[in-house]
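Colleague: Just a sequence and a predicted model for now, questions to come.
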Amino acid sequence: MIKSRPIDLCAETIIDEDKVRRAEQSLLDGLSATRLAATFKALADPTRVRIVSILNQTELCVCDLAATLGMTQSAVSHQLRLMRDMRLVKSRKEGRMVYYTLDDEHIRDLFQRGLEHIEHQ
């Protein structure tokens with residue numbers, strides 16, 4: 001019987017030292033990789049992605065977000081707290097109301113790029 005190799009393995013081990021050195025120069029350090037993975041993990045939840053899609057267009061208070069999403073204010077507030085801790089959103093208080101918006105253009109761009117990627121054929 002012939003054993004087949006998985007397609008994602010090299011048939012031979014030949015190291016190209018120049019390519020390895022160049023790759024090492026662009027390798028992300030551990031802390032940066034961890035922080036970036038945490039950002040993507042925070043965006044891996046459909047509810048949080050939907051919140052980003054709303055806040056990508058406009059600033060809203062928790063009660064308006066809850067009404068738009070068809071969720072309780074408590075559930076939305078919980079998601080927003082996680083998102084604020086990850087610096088995906090920021091809040092401002094006006095009287096007794098708390099309004100949320102995306103933290104910065106990087107989050108907006110990350111969302112747009114992801115959307116373009118899934119819509120690309």
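Modeller: Alright, I've got the coordinates. Numbering: from 1, shown residues only.
Colleague: Any stretches of this structure with poor pLDDT?
Modeller: For the chain, applying pLDDT under 70 flags the ranges 1-6.
Colleague: where do the strands sit along it?
Modeller: 60-61, 89-94, 97-102 (DSSP state E).
Colleague: Distance from whichever helix in the chain runs longest to the middle of the chain?
Modeller: Counting by DSSP state H, the longest helix found in the chain is helix 105-119. Centroid displacement of helix 105-119 relative to its chain, using C-alpha atoms, centre = their mean, to the nearest Å, is 9 Å.
Colleague: For that helix, enumerate the helices and strands it packs against.
Modeller: In terms of contacts (3 or more C-beta pairs under 8 Å, 6 or more residues apart in numbering; DSSP states H and E), helix 105-119 is packed against helix 46-55. No exception for glycine: its C-beta is placed from N, CA and C like everyone else's.
Colleague: Which elements pack onto the helix it packs on?
Modeller: In terms of contacts (3+ C-beta pairs under 8 Å, 6+ apart), helix 46-55 is packed against helix 62-69, helix 73-85, strand 89-94, strand 97-102, helix 105-119.
Colleague: about what we covered before: looking at the strands of the chain, which is nearest to residue 44?
Modeller: Closest of the strands of the chain to residue 44 is strand 89-94, at 15.9 Å (criterion: C-beta to C-beta).
Colleague: That'll do, ta.
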